[in-house]
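Enquirer: kindly return the folded structure for what I paste below:
(2 chains)
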Amino acid sequence: RKEVEQDPGPFNVPEGATVAFNCTYSNSASQSFFWYRQDCRKEPKLLMSVYSSGNEDGRFTAQLNRASQYISLLIRDSKLSDSATYLCVVNDGYSTLTFGKGTMLLVSP
Amino acid sequence: DAGVTQSPTHLIKTRGQHVTLRCSPISGHKSVSWYQQVLGQGPQFIFQYYEKEERGRGNFPDRFSARQFPNYSSELNVNALLLGDSALYLCASSSDWNTEAFFGQGTRLTVV
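Expert: Down below sits the predicted model:
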């Protein structure tokens, strides 16, 4: 049973579009939540942590619903440079980061 | 400030051989974790070390082992390599065991 499930993708959107990624996790004891971005054949890079109150960083908004065990990432005004794979990541409360498979985003001119 | 550094960046080994991968965490970070990423999948947790002690172990065979040194750098060892061990091996460092993790560029291991 997968512990972190993400939209399968890929998402193909034009520049300027708004795109939303969804993620669910199975471990109710999970304590911290993150979105990472990974470019092709590169390492994952932290995009943002996700807090229960929701948080925003420029064009990016992340939300967490602990009751539903659901995490989302919204990207507004997509740029070509946003093209990457977005990884939903959950810390199990001990030591393990559990990653989803990732959702690929392709932004076209 | 230097980020997480891993060596080597690329490696080709033959089945049955042994490999050692190395990682230096961000200065001041005491936690190092290792992940394996195969094509098309998210990274899979292998080990975490915090203050030189193993804090967690993923679902990997005993051929995989690791250690952390007094300067918080770490090694991942894999014995009796199989073709299926071909992957990107990522090291992540964090200031504590449950805070944001920052990844090195990875070691791309190919087993032939």
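Enquirer: which bits of chain B sit near chain A?
Expert: Within chain B, the positions adjacent to chain A are B:33, B:35, B:40-45, B:48, B:50, B:55-56, B:58, B:88, B:90, B:92, B:97-106 by Cβ under 8 Å from any Cβ of the partner chain. Yep, even glycine has a C-beta here, placed from its N, CA and C like the rest.
Enquirer: if you set the cut-off to 6 Å instead, what comes out?
Expert: B:41-43, B:45, B:48, B:55-56, B:90, B:97-98, B:100, B:103, B:105-106 (Cβ under 6 Å from any Cβ of the partner chain).
Enquirer: which among these end up buried?
Expert: Buried members of the residues of chain B next to chain A, scored by 16 or more other Cβ atoms under 10 Å in any protein chain shown, are B:42-43, B:45, B:48, B:55-56, B:90, B:97-98, B:100, B:103, B:105-106.
Enquirer: so is the lowest-mean-pLDDT helix or strand in chain A next to chain B?
Expert: Ranked by mean pLDDT, DSSP states H and E, the weakest helix or strand in chain A is strand A:97-99, scoring a mean of 91. Yes. Strand A:97-99 lies within reach of chain B by Cβ under 6 Å from any Cβ, at A:F99.
Enquirer: with stretch A:53-60 instead?
Expert: No. Using Cβ under 6 Å from any Cβ, stretch A:53-60 stays clear of chain B, coming no nearer than 13.2 Å.
Enquirer: list the helices and strands the least confident helix or strand of chain A packs on?
Expert: For strand A:97-99, the packing partners by 3 or more Cβ pairs under 6 Å, 6 or more residues apart in numbering or on different chains; DSSP states H and E come out as strand A:84-91.
Enquirer: in chain B, which spans are strands?
Expert: All strands of chain B, identified by DSSP state E, fall at B:5-7, B:10-13, B:19-24, B:31-37, B:44-50, B:53-57, B:64-68, B:74-78, B:87-94, B:102-103, B:107-111.
Enquirer: quick one, what contacts residue 104?
Expert: Because you didn't say which chain, this covers chain A. A:G9, A:P10, A:T85 (Cβ atoms under 6 Å, 6 or more residues apart in numbering or on different chains).
Enquirer: wrong one, chain B
Expert: B:V4, B:T5, B:Q6, B:C91 are the contacts of B:G104 under Cβ under 6 Å, 6+ apart.
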